[in-house]
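Visitor: from the sequence below, what's the structure:
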Amino acid sequence: MKIAIFTDTFYPDINGVARTLKRLTTYLGDQGIAFKIFAPDSYSNEDNSTNIHLFKSRSFFLYPECRLAFPNLLHIKSELKAFSPDLIHVATPFTLGLCGVYFAKKLNIPLVGSYHTNFDHYLHYYHLQFLSKIHWKYMHWFHQTCRKLFVPSPETFLQLKHHGFSNLEIWPRGVDCQLYHPYYDKDAVQRLYRTKGKYLLTFVGRLAPEKDIKTLLAVAKSIPAELNEKLQWLIVGDGPLREELQAHAPENMSFAGFLNGKSLAEVYSASDLLVFPSPTETFGNVVLESLASGTPVIGAKSGGVKNIIKSGVTGYLCKPGNVKEFSDAIIQILSNDGLREQMGFSGRDYALTQRWDRILEDLIWHYTNVIEERNELVFIS
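Guide: Sure, this is the predicted structure:
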């Protein structure tokens, strides 16, 4: 099996799409499955890997972590003909994704796609709702030739089905429970980030409108004084709203910037709660990472997040944008140490069932079915 992947973001970009594709390509390599990546030049291919082909690019205004590349079509065609892939996987609907769709049709290669980002929801936060109909028409056109369209959660599956998409399959996300676990040195984290207070509340994500940062700030300011003096907030991430958030942040809120790997895992482990008000997630990787770390999550009852959190068991789900519901949930969990501890155990138990190897085995099974169906049609014709 040989797979060509077209994406407008890839490792080491810090976003869910790039991290998922990196996990996939690592798995393909471990399984001896040949692959090629066609991606923007958001980094230098210093090891000169023949698996990766990079193209000049610029940031996309709605989502700077995805880039608009300027691909060399002759180069792509030459590489594809030499590689002769059995399958093309398009992961994003921008310029390189368009190249994948085009060459799948031109070279008669089976095509699958994956849907990672709720750009329709983003439009609301950037006051571009009038583009919604155009967005859905384009997404239909872009994915119409995909034999399978992989979505990360049951909620996203239902959303796309409602909008008339077909050939949908759920491709969930896993978590590395050896990296994310509850057993790091919590005191070391507190010393490193100079956190004070009895409880550490954390947010992890891009500091941008679609993550509903305004609700996060309002929640932080709404906690009653007698509890608030025991709290420390730690904001992990960066983005266009960081400067504004820092300017209006309460005294007990500090900023760590982007973290990944062990540094991020240590923060999850040291936290008492992850507070995640984003209503726009197709999955919610940070929620699963937090649960794997034994840290309950208070999240928005929206998107893929509501498929991960079991309200009252591993955290609480709150109405998006409802500051009082988020505040009440924080107060309830922090006022009951036994409840918080049990939620941490339950979250860890759930995360242990979300194994990447099983999830990626299922994806390869779908790949195989698409390739075999195409081969059968060729044989019959």
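Visitor: tell me where the stretch 101-250 of the chain has strands.
Guide: Applying DSSP state E, counting those that start in this stretch to the stretch 101-250 of the chain gives strands spanning 111-114, 148-151, 168-170, 199-204, 231-236.
Visitor: pick the most deeply packed of these.
Guide: Comparing the strands of the stretch 101-250 of the chain by mean neighbour count (mean count of other Cβ atoms under 10 Å), strand 111-114 comes out on top with a mean of 26. C-beta here means a position set from N, CA and C on the backbone, and glycine is covered the same way.
Visitor: so what does that one touch, helix or strand wise?
Guide: Helices and strands touching strand 111-114, by 3 or more Cβ pairs under 8 Å, 6 or more residues apart in numbering; DSSP states H and E, are strand 87-90, helix 95-106, strand 148-151, helix 356-380.
Visitor: run the chain-centre distance for that strand.
Guide: What separates the centre of strand 111-114 from the centre of its chain is 17 Å, taken as Cα atoms, centre = their mean, to the nearest Å.
Visitor: that strand pairs with which strands?
Guide: When pairing is defined by DSSP bridges, strand 111-114 lines up against strand 87-90 (parallel), strand 148-151 (parallel).
Visitor: please identify the buried residues of stretch 138-151?
Guide: 139, 142, 143, 146, 147, 148, 149, 150, 151 (16 or more other Cβ atoms under 10 Å).
Visitor: residue 357: what's it in contact with?
Guide: Going by Cβ atoms under 8 Å, 6 or more residues apart in numbering, residue 357 touches 27, 174.
Visitor: isn't residue 88 up against residue 108?
Guide: No: contact criterion Cβ atoms under 8 Å: residue 88 and residue 108 do not qualify, at 10.7 Å.
Visitor: more neighbours, those two?
Guide: residue 88 (26 against 9; other Cβ atoms under 10 Å).
Visitor: just say helix, strand or coil for residue 39.
Guide: Per DSSP: H, G, I helix; E, B strand; the rest coil, the local secondary structure of residue 39 is strand.
Visitor: now do stretch 254-268: distance to the chain's middle.
Guide: 16 Å.
Visitor: identify the residues contacting it?
Guide: 14, 179-181, 184-185, 188-189, 193-195, 202, 204, 232-238, 242, 245-246, 249, 274, 289-290, 292-293, 295.
Visitor: hey, what's the closest residue to residue 194 other than its chain neighbours bridged with?
Guide: Residue nearest to residue 194 in three dimensions, not counting chain neighbours: residue 254, with 7.1 Å by Cβ to Cβ, 6 or more residues apart in numbering. With DSSP bridges as the criterion, residue 254 is bridged to residue 234.
Visitor: now the strands of the stretch 101-250 of the chain as JSON lines including distance to residue 72 and mean pLDDT?
Guide: What follows is those, written out as JSON lines (distance: least, Cβ to Cβ, whole Å; pLDDT from 0 to 100):
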{"stretch": "strand 111-114", "distance to residue 72": "21", "mean pLDDT": "98"}
{"stretch": "strand 148-151", "distance to residue 72": "27", "mean pLDDT": "98"}
{"stretch": "strand 168-170", "distance to residue 72": "32", "mean pLDDT": "97"}
{"stretch": "strand 199-204", "distance to residue 72": "37", "mean pLDDT": "97"}
{"stretch": "strand 231-236", "distance to residue 72": "37", "mean pLDDT": "96"}
